[in-house]
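Asks: Structure for the following, please:
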Amino acid sequence: MAETTKARRRPRRESMSRVDTAWLRMERPTNPMMITGVLMFAEPLTLAKLRKVVEKRFLDYSRFRMKPVEGPTGMHWEDDADFDLDWHVRLSALPGRADQKALERFASALASSPLDKTKPLWQFHLVEKYEGGSALVARIHHSYADGIALVQVLLSLTDTSAHPEKGKPLAEAWLKQDGAKVAHRVGAVERYAKLGSKMLEKGMDMVQDPSLAGVLAREGGDIARELVYALALPDDPPSLLRGRLGVSKRVAWAPTLDLEEVKAVGRACGCTVNDVLMATAAGALRDYMIERGEQVEGLTLRATVPVNLRPLEHARKLGNHFGLVFLDLPVGLGNPVHRLEHVAECMNQLKTSRQAIVAYGLLAALGMAPTAVQELALELFSRKATTVATNVPGPQQPLYMAGSRIREMMFWVPQTGSIGLGLSILSYNGKVHFGLIADAKLIPDPQAVTRRFRDEFDKLLYLSLMGDWERPLDSVAAEAMLG
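Replies: Here you go, the predicted structure:
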């Protein structure tokens, strides 16, 4: 009996996947590896109700009671014997007018502050008296799960009505399939993790001897060619969006767009919603860079874009199951339609490539690689992009948490290596929410970018309504502002 009791008290352990280990080890003082999100409620939410939701639903995912621990065979998850919910769920207040600017400053400070590594790596901060309701800032380390899975986790804390039927969970998952079929078609992901180790080793050699690229491409087939392509990409060009990073982050979010209007623009030009939004983001960055005196004509920047490799039926599983692709952001094109066409063409090419699954294999390889190799690979790949960009489709109906309606929601992705800029797009309840996180040294005023998002979209919307894609930009901007 005593032995049984002792066994029950032994902390649970779970092995940590190689990809999750890679994200854990990417932590830097300049880039904390955590996903930060904000939920804004139309009605006040009390701390007692929030705690009840967290205990009943969030902690139903047992891993959130665990912390990462390094053992002789690598990283693993282990129960926190001193787990204290009061440390993880906190009450906060905003100074002054408690408006959006104050909440952005509060979220910025949290996004700049690493989580305590001696505890499970997550926290919820409830902000009272925000614009007649409340706000909730959530921070969860990337090693627990990717952004797509964590959005699903947060949605599982909500209901579709203020007074839901007892025991009735959210039935629908809003997870895009993206590359899940690709992962299934090209074979088991584990095989690519093993191949990633071999290709990573050769790839690091290729940095020293570029002539090896041809050998890799001839010997390794399609997968090797994808890796060679990624390694051979030139570094992103210098710009005010790249530079030495500090330890402070700044976050901001834009006024929402109407999702139906975004879809209308997509239909008019034969593009996807994602194409339209990424082209709009490129236009906002272009205008901001020009205002700060940057020469942008002909300039193309890259974004690393996550592609989901998780099958729909695995929506509740944690862990990181995504690959990365490089997307062009043509900030050097002045015509918004030409920017959209460029983004759409690049997106179409990426859909037929295996870049995402190759990147997943490389991340798995990095999770087991020596620290020196990790540092070199991370620096090598992060130099090839200026920003991280992600678009997560959310539920198109109002949601409630503990009876309080969620008015708006936003999240920000972490940046890796030397990248200091992140673009986040989230659709919810018929609206599109656009957010920006940036290193304070690079973009001290992210609101100056987010406020341009509406104007850039209006140009595309006006052109699509008029059906005249080659109108001079001056007249387009003037007429769009006049409505």
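Asks: And the strands in the stretch 251-400 of the chain?
Replies: All strands of the stretch 251-400 of the chain, identified by DSSP state E, counting those that start in this stretch, fall at 257-258, 301-308, 322-329, 387-393, 400-401.
Asks: How far away from the center of its chain is stretch 421-432?
Replies: 10 Å (CA atoms, centre = their mean, to the nearest Å).
Asks: For it, buried residues please.
Replies: Residues of stretch 421-432 classed as buried by neighbour count (16 or more other CB atoms under 10 Å): Leu421, Gly422, Leu423, Ser424, Ile425, Leu426, Ser427, Tyr428, Asn429, Lys431, Val432. C-beta coordinates here come from the backbone N, C-alpha and C atoms, glycine included.
Asks: correct me, but Glu78 touches Met16?
Replies: No: contact between Glu78 and Met16 fails when scored by CB atoms under 8 Å: they sit 9.9 Å apart.
Asks: Tell me the residues that contact both of the two, please.
Replies: Residues touching both Glu78 and Met16 by CB atoms under 8 Å, 6 or more residues apart in numbering: Pro68.
Asks: Neighbour count for these two, which is higher?
Replies: Met16 (25 against 18; other CB atoms under 10 Å).
Asks: Can I get stretch 94-104 in CSV, CA atoms only?
Replies: The C-alpha atoms that make up stretch 94-104 are tabulated as CSV, following Å, rounded to 0.1, in the frame of the first residue of the first chain:
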residue,chain,number,x,y,z
LEU,A,94,-4.1,49.8,-16.2
PRO,A,95,-3.0,53.3,-15.3
GLY,A,96,-4.7,56.5,-16.4
ARG,A,97,-7.5,56.2,-18.9
ALA,A,98,-7.2,52.5,-19.3
ASP,A,99,-7.7,52.7,-23.1
GLN,A,100,-6.1,50.8,-26.0
LYS,A,101,-2.8,52.6,-25.7
ALA,A,102,-2.5,51.7,-22.1
LEU,A,103,-3.4,48.0,-22.8
GLU,A,104,-0.8,48.0,-25.7
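Asks: What are the contacting residues of it?
Replies: Outside of stretch 94-104, the residues within contact range by CB under 8 Å, 6+ apart are 38, 40, 106, 127, 129-131, 135, 250-253, 447.
Asks: For those, which single residue is the most surrounded?
Replies: When neighbours are counted by other CB under 10 Å, Val251 leads the contacts of stretch 94-104 with 29 neighbours.
Asks: and that one, bridged to which residues?
Replies: Ile437 (DSSP bridges).
Asks: where does the residue most central in space within the chain sit relative to Leu157, distance-wise?
Replies: Residue closest to the mean C-alpha point of the chain, counted by CA atoms, centre = their mean, is Val413 at 3.5 Å. Counting by CB to CB, to the nearest Å, the separation of Val413 from Leu157 is 20 Å.
Asks: Kindly report the same for Ala109.
Replies: Going from Ala109 to Leu157 by CB to CB gives 24 Å.
Asks: just checking, the residue nearest to the centre of the chain touches Ser424?
Replies: Yes: under the criterion of CB under 8 Å, Val413 makes contact with Ser424 at 5.8 Å.
Asks: Can you work out which residues contact both of those two?
Replies: Both Val413 and Ser424 are contacted by Thr390, Ile437, under the criterion CB under 8 Å, 6+ apart.
Asks: tell me which helix or strand of the protein sits lowest on mean pLDDT?
Replies: Within the chain, confidence by mean pLDDT, DSSP states H and E is lowest for helix 180-186 among all helices and strands, at a mean of 41.
Asks: tell me, how many neighbours does the nearest residue to Tyr288 once chain neighbours are set aside end up with?
Replies: Using CB to CB, 6 or more residues apart in numbering and skipping the chain neighbours, the partner closest in space to Tyr288 is Val449 (4.8 Å). Other residues near Val449 come to 24 when the count uses other CB under 10 Å.
Asks: Which strand or helix spans Val449?
Replies: Using DSSP states H and E, Val449 maps to helix 447-466.
Asks: then stretch 453-465 to CSV, C-alphas only?
Replies: Extracted as CSV, the C-alpha positions of stretch 453-465 are listed here (Å, rounded to 0.1, in the frame of the first residue of the first chain):
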residue,chain,number,x,y,z
PHE,A,453,-3.5,49.0,-42.6
ARG,A,454,-7.0,50.3,-43.2
ASP,A,455,-5.8,52.9,-45.7
GLU,A,456,-3.9,50.3,-47.7
PHE,A,457,-6.9,47.9,-47.7
ASP,A,458,-9.2,50.7,-48.8
LYS,A,459,-7.1,51.3,-51.9
LEU,A,460,-7.6,47.6,-52.9
LEU,A,461,-11.3,47.7,-52.1
TYR,A,462,-11.9,50.9,-54.1
LEU,A,463,-10.1,49.5,-57.1
SER,A,464,-12.0,46.2,-56.9
LEU,A,465,-15.3,48.1,-56.8
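Asks: What is the distance between that stretch and the centre of its chain?
Replies: With CA atoms, centre = their mean, you get 25 Å for stretch 453-465.
Asks: That stretch: which residues count as buried?
Replies: By 16+ other CB under 10 Å, the buried positions in stretch 453-465 come out as Phe453, Arg454, Glu456, Phe457, Asp458, Lys459, Leu460, Leu461, Tyr462, Leu463, Ser464.
Asks: Please apply the same query to stretch 138-154.
Replies: The neighbour-count check on stretch 138-154 (16+ other CB under 10 Å) flags 138-154 as buried.
Asks: Those in helices, which ones?
Replies: Gly147, Ile148, Ala149, Leu150, Val151, Gln152, Val153, Leu154 (DSSP state H).
Asks: ok, which pair from those residues is furthest apart?
Replies: Maximum pairwise distance among these (CB to CB): 11.2 Å, between Ile148 and Leu154.
Asks: So which residues of the stretch 351-483 of the chain form helices?
Replies: 355-368, 371-382, 447-466, 473-482 (DSSP state H, counting those that start in this stretch).
Asks: Worst mean pLDDT among those?
Replies: Across the helices of the stretch 351-483 of the chain, helix 473-482 has the smallest mean pLDDT, namely a mean of 44.
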